[in-house]
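Colleague: got a structure for you, letters missing:
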Ligand SMILES: Nc1ncnc2c1ncn2[C@@H]1O[C@H](COP(=O)(O)OP(=O)(O)OP(=O)(O)O)[C@@H](O)[C@H]1O
């Protein structure tokens, strides 16, 4: 059985007197790319600082390649951390910064030929402009500095690489480039194990082998991206991934208007619909014209789809997709939903009233 590259066991970390990471356990294999997604203040940076050894845990342990390093000083751990805010030496050029990063690797001595080889490798991998090498950090843009800071983290070739919001302050096209570079690096044979923290669910879906959704210092759900996206265990997890966020409806209120739906939601064993939510991903929704014979005939369960009439609120052409907002037309149920449609399906000539259809297989029910 392959050994774990990084293992966190019931890790708890404090900031002052406040415990901000609680009972956090995670096991990652060599080369595995883990993205921790959470909102601001959920404890993501603290978690990385705990793994790096910058904060001692109040309970639990950190093991790297099978060795318990909980008591080991940060500089002796084979871990590199890209901080949320740049930590570049202001008086050094980019080239000096990168060379020092290689030379400072714990327990390793590198010949100048090896250092040069690493410099060429990282410059090519992250497409660093050769003109940056002689410049100091304050002469680079925020995005360029971020890329150099990432290079400084990766050039050490650590066993574990911790990335705190690596795309912060980087423009859209540079972000896309960096996402590609990180995906390439992580699929290379001797890739480090990555723990990348972000509040951006799309970034997580793009890169992760494993996603951890955290909130208030604890893990809400861990798993493969597609599994978490399709089978979220809570509203908070569903909202953390996907953009625009998925629609959330009060199930009990929906069933007042469509009792049939309760019969087909096989995922619920006890049929107690109190305080449950119905989750509908924006891309699972289809819209079509109301049938000629009227609204009543259109409503209910038909051909494996939940159908109900809606009135359009807004249609916005996003280029590759059409964003449509609409409101249910049940009397006292005034929820607004969002759908992301392909331009062809949205171009159907429907008026302000139309039929919303969602495959039953795409509906999810969660308890909180
Ligand atoms: N140095 C510190 N001293 C005291 N409290 C801190 C310190 N750093 C962070 N905290 C608190 O710990 C909690 C977790 O902060 P942390 O920075 O780990 O969250 P985060 O998920 O990384 O947030 P963000 O996405 O905004 O960076 C927050 O309530 C924060 O106020």
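Modeller: Good, I have the coordinates. Quick caveat: nothing in here was measured; it's all calculated off a predicted structure.
Colleague: helix/strand/coil for the nearest residue to residue 48 once chain neighbours are set aside?
Modeller: Ranked by CB to CB, 6 or more residues apart in numbering and with sequence neighbours excluded, the top spatial neighbour of residue 48 is residue 162, at 4.5 Å. Placement of C-beta: from N, CA and C, glycine included. Classification of residue 162 using DSSP: H, G, I helix; E, B strand; the rest coil returns strand.
Colleague: now swap in residue 212 and tell me
Modeller: strand.
Colleague: ok, what's across the strand from the residue nearest to residue 48?
Modeller: The partner list for residue 162 in beta bridges (DSSP bridges) reads residue 81, residue 195.
Colleague: could you pull out the strands for the stretch 1-150 of the chain?
Modeller: Assigned by DSSP state E, counting those that start in this stretch, the stretch 1-150 of the chain shows strands spanning 4-15, 18-29, 33-37, 59-64, 67-68, 79-82.
Colleague: Residue 217: which of the ones you listed is closest?
Modeller: Closest to residue 217 of the strands of the stretch 1-150 of the chain, according to CB to CB: strand 18-29, at 4.4 Å.
Colleague: helices and strands around the helix or strand harbouring residue 345, which ones?
Modeller: Element membership for residue 345, per DSSP states H and E: helix 343-346. Helix 343-346 is packed against strand 286-288, strand 322-328, with contacts defined by 3 or more CB pairs under 8 Å, 6 or more residues apart in numbering; DSSP states H and E.
Colleague: May I see these organised as TSV, with mean pLDDT added?
Modeller: TSV is the format used below for the helices and strands packed on helix 343-346 (pLDDT from 0 to 100):
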stretch	mean pLDDT
strand 286-288	89
strand 322-328	90
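Colleague: Switch these over to JSON lines; also include mean neighbour count and distance to residue 134.
Modeller: Listed next are the helices and strands packed on helix 343-346 as JSON lines, based on neighbours: other CB atoms under 10 Å; distance: least, CB to CB, whole Å:
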{"stretch": "strand 286-288", "mean neighbour count": "17", "distance to residue 134": "57"}
{"stretch": "strand 322-328", "mean neighbour count": "19", "distance to residue 134": "46"}
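Colleague: closest to residue 310 out of those strands?
Modeller: Residue 310 lies closest to strand 322-328 among these, at 4.2 Å (CB to CB).
Colleague: May I have the strands that pair with that closest one, each with its orientation?
Modeller: strand 305-317 (antiparallel), strand 336-341 (antiparallel).
Colleague: Tell me which residues are up against the shortest one.
Modeller: Contacts of strand 336-341 with the rest of the structure, by CB atoms under 8 Å, 6 or more residues apart in numbering, involve 244, 247, 249, 280, 282-283, 285-287, 310, 313, 321-328, 356.
Colleague: now do stretch 166-179
Modeller: 82, 84, 126-127, 142-143, 146-147, 150, 182, 196, 198, 200, 203, 206-207.
Colleague: Could you rerun that using 10 Å?
Modeller: Stretch 166-179 is contacted from outside by 82, 84-86, 126-127, 141-147, 149-150, 153, 182, 194, 196-200, 202-203, 206-207, using CB atoms under 10 Å, 6 or more residues apart in numbering.
Colleague: gap between the closest residue to the ligand within the stretch 201-350 of the chain and residue 43?
Modeller: The nearest approach of the stretch 201-350 of the chain to the ligand comes at residue 217, 7.3 Å away (CB to the nearest ligand atom). In this view, residue 217 and residue 43 are 4 Å apart by CB to CB, to the nearest Å.
Colleague: any common contacting residues for the two?
Modeller: With CB under 10 Å, 6+ apart as the test, residue 217 and residue 43 both reach 13, 15, 18-22, 24.
Colleague: which of the residues you listed are close to the ligand?
Modeller: Under the cut-off given by CB under 6 Å from any ligand atom, the ligand has 15, 20 from these close to it.
Colleague: Can you pull up the residues of this structure that come close to the ligand?
Modeller: 15-16, 20, 38, 40-46, 84, 199.
Colleague: for the residues you listed, which one is nearest residue 4?
Modeller: Out of those, the member with the shortest distance to residue 4 (by CB to CB) is residue 44, at 20.8 Å.
Colleague: Touching, that closest one and residue 36? I think so.
Modeller: Yes: counting by CB atoms under 10 Å, residue 36 is a contact partner of residue 44 at 5.5 Å.
Colleague: shared neighbours, those two?
Modeller: 164, 195-198, 212, 214.
Colleague: Skipping adjacent residues, who's closest to residue 128 in space?
Modeller: residue 151 is the one closest to residue 128 (CB to CB, 6+ apart), at 6.0 Å.
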